[in-house]
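**Student:** no sequence on this one, just coordinates:
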């Protein structure tokens, strides 16, 4: 999964019927220290995230493994809201105070779709209604 | 799926036992303006044999196996169609789209303009580089 | 999924049977700044988009096979929606 920041929302009235009710969130992938990548994706919100949240996003077939997204034609879902991030023994983010240090944006961290390496360190996330539901 | 030009064939007599598809084509992937993009790749071609220079499209990833009669093959790219026409390529000399007819790479006469409709997704104010959160 | 601009339709008379009767469009995904485009790709159109439209493009595994009742359809990318409006934080 990827760390991302929710940077906006998208509205679509003309869409595949199985997207009815989907909350389309614009997300920008980030590094553990808040570094922004140029990768902008659209993910369906499955946990109640809002613009400005730092979240955990699943990209690929796992995106359909939530109760909300199981009927939807989606390949990306927000599955967690991040409380804190620690990397190499250092605290890099907390929801209350934001990122500790952020650098200028780096090159793309992830492929447009499909599985990719998870970021280093651990992100303790408040999980949403992940799991359950058939793919 | 992506555009590609057929640039050759690959012969491999020693193979994984279940790679039984006879024809392996060498494809040059192309971008939306039909310019070379990335390294040539090898694809199976269950759709009737494509000749050198033909403009085709291929599917990559796990969906490629669905193009074969026998799905259980170690394949990640398959030609799924030939391009008869495409009117979206922009030539370097002008920014108008050009008609592309048939199998040749060469574009036809430029015509028309692209309708620049729809919303923009750019932020209205430059996004801050990052928050200097308290430590 | 990605936001992308529709470049135009691709016509094809010889293709895998799963593509029969499907509308195929070339789309170009947009980057985070909304301007920089990268890596055009082809997607089967589920919603009737036109050239220049801003659309939602995705690669939901297995969805094309189910939607078209064509098991194991070798179709990866789909145009899933036409975007009316984007709201972006300042």
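**Tutor:** Received the coordinates, thanks. Predicted, not measured: the structure shown is a model, and the values here were computed from it. Numbers count the residues shown, from 1 in each chain, chains lettered A, B, ... in the order given.
**Student:** which residue sits closest to residue A:34, ignoring its sequence neighbours?
**Tutor:** residue A:99 (3.4 Å; C-beta to C-beta, 6 or more residues apart in numbering or on different chains). Where you see a C-beta, it was placed from the backbone N, CA and C, and this is true even at glycine.
**Student:** in a strand, that's where residue C:3 is, yeah?
**Tutor:** Yes. Per DSSP: H, G, I helix; E, B strand; the rest coil, residue C:3 lies within a strand segment.
**Student:** spatially central residue in the chain, please.
**Tutor:** The chain I'm using is chain A. Nearest residue to the geometric centre of chain A (C-alpha atoms, centre = their mean): residue A:57, 2.6 Å.
**Student:** actually it's chain C I care about, not the one you picked
**Tutor:** Central residue of chain C (C-alpha atoms, centre = their mean): residue C:79, at 3.0 Å.
**Student:** checking it next. Helix, strand or coil?
**Tutor:** With three-state DSSP as the basis, residue C:79 sits in strand.
**Student:** find the nearest non-adjacent residue to it, please.
**Tutor:** Closest residue to residue C:79 apart from its sequence neighbours, by C-beta to C-beta, 6+ apart: residue C:45 at 4.5 Å.
**Student:** enumerate every residue touching the one you found.
**Tutor:** Residues in contact with residue C:45 (C-beta atoms under 8 Å, 6 or more residues apart in numbering or on different chains) are C:22, C:23, C:24, C:25, C:78, C:79.
**Student:** what sits against the closest residue to chain A within chain C?
**Tutor:** Closest contact between chain C and chain A, by C-beta to the nearest C-beta, is at residue C:81 (3.4 Å). Listed by C-beta under 8 Å, 6+ apart, the contact set of residue C:81 reads A:12, A:14, A:15, A:16, A:19, A:24, C:47, C:55, C:56.
**Student:** Validate this expectation: residue A:49 resides in a strand.
**Tutor:** No. Under three-state DSSP, residue A:49 falls outside any strand and is assigned coil.
**Student:** can you tell me how far it sits from chain C?
**Tutor:** The gap separating residue A:49 from chain C is 13 Å, by C-beta to the nearest C-beta, to the nearest Å.
**Student:** wait, what's in contact with residue C:78?
**Tutor:** A:16, A:73, C:43, C:44, C:45, C:46, C:57, C:58, C:59, C:60, C:63, C:64.
**Student:** same deal with residue C:61?
**Tutor:** Applying C-beta under 8 Å, 6+ apart, one finds that residue C:61 lies in contact with A:60, A:61, A:64, A:75, A:135, B:62, B:63.
**Student:** which of those has the largest number of neighbours?
**Tutor:** Highest neighbour count within these, by other C-beta atoms under 10 Å in any protein chain shown: residue A:75, with 32 neighbours.
**Student:** and stretch C:66-81, what's buried?
**Tutor:** Residues of stretch C:66-81 classed as buried: C:67-68, C:70, C:72-81 (neighbour count, 16 or more other C-beta atoms under 10 Å in any protein chain shown).
**Student:** distance to residue B:20 added to these, as a markdown table?
**Tutor:** A markdown table is the format used below for the buried residues of stretch C:66-81 (distance: C-beta to C-beta, whole Å):
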| residue | distance to residue B:20 |
| --- | --- |
| C:67 | 30 |
| C:68 | 26 |
| C:70 | 22 |
| C:72 | 17 |
| C:73 | 21 |
| C:74 | 17 |
| C:75 | 23 |
| C:76 | 23 |
| C:77 | 27 |
| C:78 | 30 |
| C:79 | 34 |
| C:80 | 35 |
| C:81 | 39 |
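**Student:** closest one to residue B:15 out of those, please.
**Tutor:** For the buried residues of stretch C:66-81, the closest approach to residue B:15 (C-beta to C-beta) belongs to residue C:74, at 20.7 Å.
**Student:** give me the three-state assignment for the closest one.
**Tutor:** coil.
**Student:** doesn't residue C:18 make contact with it?
**Tutor:** Yes. The criterion here is C-beta atoms under 8 Å, and residue C:74 meets it with residue C:18 at 6.0 Å.
**Student:** can you work out which residues contact both of the two?
**Tutor:** Common neighbours of residue C:74 and residue C:18, counting by C-beta under 8 Å, 6+ apart, are B:66, B:80.
**Student:** out of the contacts of residue C:61, who's near chain C?
**Tutor:** Among the contacts of residue C:61, proximity to chain C is found for A:60, A:61, A:64, A:75, A:135, B:62, B:63 (C-beta under 8 Å from any C-beta of the partner chain).
**Student:** tell me the least confident of the residues you listed?
**Tutor:** Taking those together, the minimum pLDDT is found at residue A:135 (32).
**Student:** how about residue B:65: what's its closest non-neighbour residue?
**Tutor:** Spatial nearest neighbour of residue B:65, excluding adjacent residues (C-beta to C-beta, 6+ apart): residue B:71 at 4.7 Å.
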